[in-house]
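Trainee: Sequence first, then the predicted structure, then my questions.
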Amino acid sequence: MKKDKFSFIITLSILFITLIFIIYFGFYLTFSNSVDISKIVLLVVLTILIFFAFNIIIGVLLLYILTSGKKLSNISYQYLKKMNKILFPILIFIAKVFRLDKDSVRRVFADINNLLVMTKNININSEDILILIPHCLQNSSCKYKITHNIDNCKMCGKCDISDILKLSREYNVKTVVATGGTLAREWIKKNRPKAIIAVACERDLVSGINDVDKIPVIGVINERPNGPCFDTRVNIKKIEEAIKFYLKEV
């Protein structure tokens, strides 16, 4: 597999800077006459901060390349994906401490994930795509339950399920309804998709993306005009764009 030089330099740089601080830390403990705990703690904290600062800078550079429309190598893709996953809980903690909107952080995470997926050369058959949607998209007054079979929908048009079902049939893509993370994982295990389009709120979407490491997931955040988990909506156009991307019809 061809490796781009930029990715190789990034990997070596991370290893190099980490090695420098490990060696420095080891020499300090070995040759210091007295071990100053406060200095050791300070050294460890500085090492962690410099490591993350370095990764953030490189990550921003890669994101600049990513948003320019260029394709990333697999190494760069994996690097950015892991950095996105590592930094996410830190940013959530900071948002919690300063009482910021955590959903904003989750949206950024999902957007970066989608950008990363868009850099991959994916060209698969329609039957290898799985659309996962939440049950709260269904009209709350509807008596036809679609949790186990979306084809139970009568296409009345009162919610977005009918439009999603039309897309599913038009492109021959499997669509399932999940009431939670456990059922979503069961659907994935049963269908063994090569690519996923997931519709969910910010929290459930980020959780699902983190659960699925080896399968590309394009996330679409649902709209909640009536509050969470009740008569939610979704941008049908975004789902269709995701299908076309996987099928390379864009």
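Mentor: Sure, I can see it. Numbering: from 1, shown residues only.
Trainee: For the residue nearest to Cys159 when sequence neighbours are not counted, which residues are in contact?
Mentor: Of all residues not flanking Cys159 in the chain, Asn139 sits nearest, at 4.1 Å (C-beta to C-beta, 6 or more residues apart in numbering). (Each C-beta comes from the backbone N, C-alpha and C, glycine too.) The contact partners of Asn139, by C-beta atoms under 8 Å, 6 or more residues apart in numbering, come to 156, 158-159, 161, 231.
Trainee: Show me where this protein dips below the pLDDT cut-off.
Mentor: Low-confidence segments of the chain (pLDDT under 70): 1-40, 42-44, 46-70, 249-250.
Trainee: Could you break it into its assigned domains?
Mentor: The chain breaks down into these domains under automatic domain parsing: 5-118, 126-247.
Trainee: Return the most buried member of the ones you listed.
Mentor: Most buried of those by mean neighbour count (mean count of other C-beta atoms under 10 Å) is domain 126-247; its value is a mean of 17.
Trainee: For it, measure first residue to last.
Mentor: With C-alpha to C-alpha, to the nearest Å applied, domain 126-247 spans 7 Å between its terminal residues.
Trainee: for that domain, the distance to its chain's centre please.
Mentor: Here the centre of domain 126-247 is set off from its chain's centre by 16 Å, with C-alpha atoms, centre = their mean, to the nearest Å.
Trainee: And for stretch 241-250?
Mentor: On C-alpha atoms, centre = their mean, the centre of stretch 241-250 falls 18 Å from that of its chain.
Trainee: what's it in contact with?
Mentor: Under the criterion C-beta under 8 Å, 6+ apart, residues 118, 122-124, 126, 129, 131, 167, 171, 173, 195, 197, 218, 220 lie in contact with stretch 241-250.
Trainee: Strands of this protein, start to end?
Mentor: In the chain, the strands defined using DSSP state E lie at 129-134, 174-178, 195-200, 217-221.
Trainee: Take the ones you listed and lay them out in CSV including distance to Ile94.
Mentor: As requested, those are exported to CSV (distance: least, C-beta to C-beta, whole Å):
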stretch, distance to Ile94
strand 129-134, 28
strand 174-178, 30
strand 195-200, 23
strand 217-221, 21
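Trainee: Just list whatever residues bridge to the spatially closest residue to Ala200 that is not a sequence neighbour.
Mentor: Spatial nearest neighbour of Ala200, chain neighbours left out: Pro134 (5.5 Å); criterion: C-beta to C-beta, 6+ apart. For Pro134, the beta-bridge partners are Ala178 (DSSP bridges).
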